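Novice: The following block contains a protein sequence and its predicted model.
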Amino acid sequence: MRDAIFNLQRVENVSLQAQIREMLVSAILDGQLDGGEPLPSSRRMSGMLGVSRNTVVLAYQNLVDDGYLTSRERSGYYVSPGMASQTDALSPHLISNRGPAWRSRFRVHPSEQENIVKTLDWPSYPYPFVYGQVDQQMFPLPAWRECARQALGRRAMDAWTGDRLIHDDPMLVEQIRTHILPRRGITARPDQILVTMGAQNALYLLASLLFTEETVVGLENPGYPDMWNIARLMTENVRPIPVDDGGLPIDERLDGCDYVYVTPSHQFPTTAKMPLPRRIELLERAAANDTVIIEDDYEFETNYIGTPTPALKSMDDEGRVIYVGSLSKSLFPGLRLGFMVAAKPLIDEARALRRLMLRHPPTVNQRQTALFLSLGHHDALIHRLHREFRKRWEVMDRALQQYLPASARRPSFGGTSFWVRGPDGLDAMRLAEAAKAEGVLIEPGRVHFFGPEQPRNYFRLAFSSIPTDRIEPGIRILSELTYGTRRI
């Protein structure tokens, strides 16, 4: 018996039984264990791995149930010959490096676009000023687990085990319609709402449906790089329009635009809030030019300062505004659930196109989220986030005024980040590299600028994922790197 292959690498948050199962399945599928080969007795295996004998027995029995092992009375456990033979049959069919010249066949090259880059292991850094991530300590995990338990229960199985083809979970659609949209002043029928795999999926669906090579798209500058990249896959006529303290200016630069993408409630990334008179002016100019507005309300749940301004969609009398929302900022980005609100003909076509791409977002995720909303857990989380974000917002504001004076404009909406303009001549890319070596993560801002002029001295500081007591020390380190008291 090749006992050396049985080596358990302890992993946090994974049960020992599951780890033993993974170890044995990997050994079987990798061909390290042959069909019919006996496994060590449960007593012997428990001694080798340093776990209880019951844990090994349960793991063995579980693998018998799934067909990986067979049990022989008074003899022990053996690798199932059928499972091993399936693995052997597949082994000759490895993917060859030879084949078509793929690069010459690509219609577009999205891998060559410049995108926002994230540090995947950001939780291991002491000062993670990273945008779009969550503080796991603030998330109500027991409530989420309870919703998962209910969603996975026998009585709820009909809601998610079948193929819904083009349809969404009606419970989630109803929660969006009656719970989320009214906060933004929006009323909609169920057939005017489409659940998407995050706001990103909604934007790609819209571009695929509506943009051609001749389409002219107006875009905020600086703005959302992913929308720039999506639009550029469809058309070269993407018009970056510099924003000011009120967000997107409304002037002749919008004339001739077939579509305008805008983040009026919390301009991405500058955090500017579009005032109500400008919103009215945007709607009037769009009507005069027959322009369709794509409103991305990406942080609609993080308004904890002042009175919220209604969404553009709530002021739309002509069905000219397409509203895109996401649950990533208030729940967690890994959920990948968002929604689109628009006129029924557009939703019908987007639903049909979504079917060709992915049919529908996973229904079990939809039902779990719907339960989380309906049971009031989402509201409780929002209240908690508002209290904590308000504290972090104030601490960051004071620290920036002290250590990087006049560098950042105070957001009037709330949100989860500050847009910082460093001194002239500062290279935020180099600053980010030096700061990372000191345990500080920031996001250089150059990627948010479109066109030939891309300033290098801007960067973004987010506070959704950093504890309050680490904000001031982290900004102090940034200040020392920026002004030369620490070497870059």
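Specialist: Yep, it's here. The structure presented is a predicted model; accordingly, all values stated were derived computationally and were not measured.
Novice: Nearest spatial neighbour of Glu349, chain-adjacent residues omitted?
Specialist: Leu209 (5.7 Å; Cβ to Cβ, 6 or more residues apart in numbering). (Glycine included, C-beta is placed from N, CA and C.)
Novice: brain fart, Phe459
Specialist: In space, Phe459 is closest to Ala428, 4.2 Å off (Cβ to Cβ, 6+ apart).
Novice: Tell me if I'm right that the one you found and His448 touch.
Specialist: No. With contact defined as Cβ atoms under 8 Å, Ala428 does not reach His448; the gap is 10.9 Å.
Novice: circling back: for Arg470, see how far away the residue nearest to Phe459 is.
Specialist: 21 Å (Cβ to Cβ, to the nearest Å).
Novice: So between these two, which is more surrounded?
Specialist: Set side by side, Ala428 and Arg470 show more neighbours around Ala428, with 23 against 19, by other Cβ atoms under 10 Å.
Novice: May I have the residues that are in contact with that one?
Specialist: Gly422, Ile442, Pro444, Gly445, Arg446, Arg456, Asn457, Tyr458, Phe459 (Cβ atoms under 8 Å, 6 or more residues apart in numbering).
Novice: rerun at 7 Å
Specialist: Going by Cβ atoms under 7 Å, 6 or more residues apart in numbering, Ala428 touches Gly422, Pro444, Gly445, Arg446, Arg456, Asn457, Tyr458, Phe459.
Novice: which of those residues tops the neighbour count?
Specialist: Result: Phe459 is most packed of the contacts of Ala428 (other Cβ under 10 Å), 28 neighbours.
Novice: Within the sheet, what are the partner strands of the helix or strand encompassing that one, with directions?
Specialist: Using DSSP states H and E, Phe459 maps to strand 458-462. Strand pairing for strand 458-462, determined by DSSP bridges: strand 417-421 (antiparallel), strand 443-444 (antiparallel).
Novice: returning to that earlier point: who are the contact partners of the residue nearest to Glu349?
Specialist: Glu349, Ala350, Leu353 are the contacts of Leu209 under Cβ under 7 Å, 6+ apart.
Novice: Can you pull the poorly scored residue ranges out of the stretch 301-450 of the chain?
Specialist: 305-307, 411-413 (pLDDT under 70).
Novice: Please enumerate the strands of it.
Specialist: 321-326, 338-341, 417-421, 440-441, 443-444 (DSSP state E, counting those that start in this stretch).
Novice: Quick one: closest of those to Gln61.
Specialist: Relative to Gln61, the nearest member of the strands of the stretch 301-450 of the chain by Cβ to Cβ is strand 338-341, separated by 41.9 Å.
Novice: Which strands or helices does that closest one pack on?
Specialist: strand 193-196, helix 198-210, strand 321-326 (3 or more Cβ pairs under 7 Å, 6 or more residues apart in numbering; DSSP states H and E).
Novice: residues near the closest residue to Asp244 other than its chain neighbours, how many?
Specialist: Distance criterion Cβ to Cβ, 6+ apart; nearest residue to Asp244, sequence neighbours excluded, is Ala272 at 7.4 Å. Residues contacting Ala272 under the criterion other Cβ under 10 Å number 23.
Novice: now the spatially most central residue of the chain, nearest residue through space, not along the chain?
Specialist: Most central in the chain under Cα atoms, centre = their mean is Pro333, positioned 3.4 Å from the mean C-alpha point. Take Pro333 and drop its neighbours on the chain: the residue closest to it by Cβ to Cβ, 6+ apart is Gly132, 5.6 Å away.
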